[in-house]
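Asker: Sharing a sequence plus its predicted fold:
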Amino acid sequence: MGIFSRFTDIVNSNINSILDKAEDPEKMVRLIIQEMEDTLVEVRSASAKTLASKKEISSQIGKMQNEAKDWKAKAELAISKDREDLARAALQEKKKCDEHASALSSELKGVDEQITKLQSEVGQLQDKLADAKTRQKAILLRQKTVSSRLEVKKSLDSGKVDAAMGRFEQYERKIDDLESQVDAYDLGKKTLADEFAELESDDEIDDELAALKKKMQSKSSTSKK
């Protein structure tokens, strides 16, 4: 099973659990990133073990190759001493070493292929993790913004705002009543400005009355003539 198929199963399982419980989306985002980080740690650990196995296999191959060379040298020595029987036995041991080294080489090839695939998947997972962390802030900001808008909508729909405005209007009416009461106390009382205004008004009337009398007297004199 590849990294991503396993990771997808884990994440989907947790997401379904969160959705069933109607939990905070912020927790879901953190969980997804945490799962990716945990998976990356596990994969790196597996990679380290695979690399250790590769090193061990390579060491065994080198050992078998050295033993094969050693048995070949022994076979040559036996031939030089006219011990064909020993030479044959040495060559048989050399063959075993060669076969063992060949098998280990095939195993090493498979390990190399696994390491290549693992490194590729780790690189992809690291890219996905970096992308998720970059998008995390934007996702959380959108979630908070939508939550705030939802609270505003709920307040508007619940009538709380209208009720608050109604209370403001009540307070305004009370203040209007108080101002009216204050004005009522002052009603009929002359201020200094009012008294000066009356004096000015009296002077204007006196002047106008004098002018009118003068005009009437002039008309009366004219009629008598």
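Answerer: Structure received.
Asker: Can you tell me the closest non-neighbouring residue to residue 105?
Answerer: residue 61 (6.0 Å; C-beta to C-beta, 6 or more residues apart in numbering). Just so you know, the C-beta spots here come from the backbone N, C-alpha and C atoms, and that holds for glycine as well.
Asker: Please apply the same query to residue 108.
Answerer: residue 57 (4.8 Å).
Asker: Report the mean confidence score over the one helix or strand that neighbour maps to.
Answerer: For residue 57, the element it lies in under DSSP states H and E is helix 25-80. Mean pLDDT, computed over helix 25-80, is 89.
Asker: so what secondary structure elements neighbour that helix?
Answerer: Packed against helix 25-80 by the contact rule (3 or more C-beta pairs under 8 Å, 6 or more residues apart in numbering; DSSP states H and E) you find helix 3-21, helix 84-158.
Asker: on that earlier part again, residue 102 is in contact with the residue nearest to residue 105, correct?
Answerer: No. With contact defined as C-beta atoms under 8 Å, residue 61 does not count as touching residue 102 (9.1 Å).
Asker: Which residue lies nearest the spatial centre of this structure?
Answerer: Central residue of the chain (C-alpha atoms, centre = their mean): residue 137, 2.4 Å from the mean position.
Asker: Could you export the helices and strands packed on helix 25-80 as a markdown table, including mean pLDDT and distance to residue 200?
Answerer: Converted to a markdown table, those look like this (pLDDT from 0 to 100; distance: least, C-beta to C-beta, whole Å):
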| stretch | mean pLDDT | distance to residue 200 |
| --- | --- | --- |
| helix 3-21 | 53 | 85 |
| helix 84-158 | 85 | 58 |
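Asker: Identify the residues contacting the residue lying closest to residue 111 once chain neighbours are set aside.
Answerer: Nearest non-adjacent residue to residue 111, counting by C-beta to C-beta, 6+ apart: residue 54, 4.9 Å away. Residue 54 makes contact with 108, 111-112, 115, according to C-beta atoms under 8 Å, 6 or more residues apart in numbering.
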